[in-house]
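**Student:** sequence and predicted structure are below.
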Amino acid sequence: MLRTDQKAAIRQGFEMGFSDTRIARSVPDVNHMQVYNYRHKLKIPTGDIVNRRYDIWTELIYKGVSIGQIAKMYDVTEKSIKVLLWKNRDISLVEAKARVMKLREEAQQLELSDGIPSLGQLGLKFNPIVPEDSAD
């Protein structure tokens, strides 16, 4: 019988698109069959979990997260991610990287487009300029 905290952790794993096996390894005192049975009890099809996984991978890649980091998080190979996203989402990682770079450039331009940029916007930090005398 699963405890409330185990059920919550398993549901969180489903939300992240983790496989039953990956969830079972992450939740203490839970095995693969318990996760599988709980997913079936909740009537969550495997396809829904897999689609969520691909959606999350896509979003992470477009946010600039490396494939290596994603692979480690999901306990899969980088090649698996590349192949699965290409086959199931028609995503080329070369195009994704180009899109990330373009979004970053656009974000930087937006931050600096109006008026005089602040030091913070430029990622700089200096002591304030203090006038030599107060006679204005």
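**Tutor:** In hand now; what should we look at? Numbering: from 1, shown residues only.

**Student:** CA atoms for contacts and neighbours, from now on please.
**Tutor:** OK.

**Student:** state the mean pLDDT of stretch 101-113.
**Tutor:** Averaged across stretch 101-113, pLDDT comes to 64.

**Student:** which helices and strands does the helix or strand encompassing Asn37 pack with?
**Tutor:** In this assignment (DSSP states H and E), Asn37 forms part of helix 32-41. Helix 32-41 is packed against helix 20-26, with contacts defined by 3 or more Cα pairs under 8 Å, 6 or more residues apart in numbering; DSSP states H and E.

**Student:** picking that back up, helix or strand right after the helix holding Asn37?
**Tutor:** Assigned by DSSP H and E, the successor of helix 32-41 is helix 46-62.

**Student:** avg pLDDT for that next one?
**Tutor:** 89.

**Student:** got the buried residues for that helix?
**Tutor:** Judged by neighbour count using 16 or more other Cα atoms under 10 Å, the buried positions of helix 46-62 are Thr46, Ile49, Val50, Arg52, Arg53, Tyr54, Asp55, Ile56, Trp57, Thr58, Ile61, Tyr62.

**Student:** max pairwise distance over the residues you listed: which two?
**Tutor:** Thr46 and Tyr62 (24.6 Å; Cα to Cα).

**Student:** what number of residues are in the vicinity of Asp90?
**Tutor:** Neighbourhood size, Asp90 [other Cα atoms under 10 Å]: 10.

**Student:** also Met33?
**Tutor:** Other residues within reach of Met33, judged by other Cα under 10 Å, total 12.

**Student:** same question, the one 5 residues further on
**Tutor:** Burial of Tyr38 is recorded as 17 neighbouring residues (other Cα under 10 Å).
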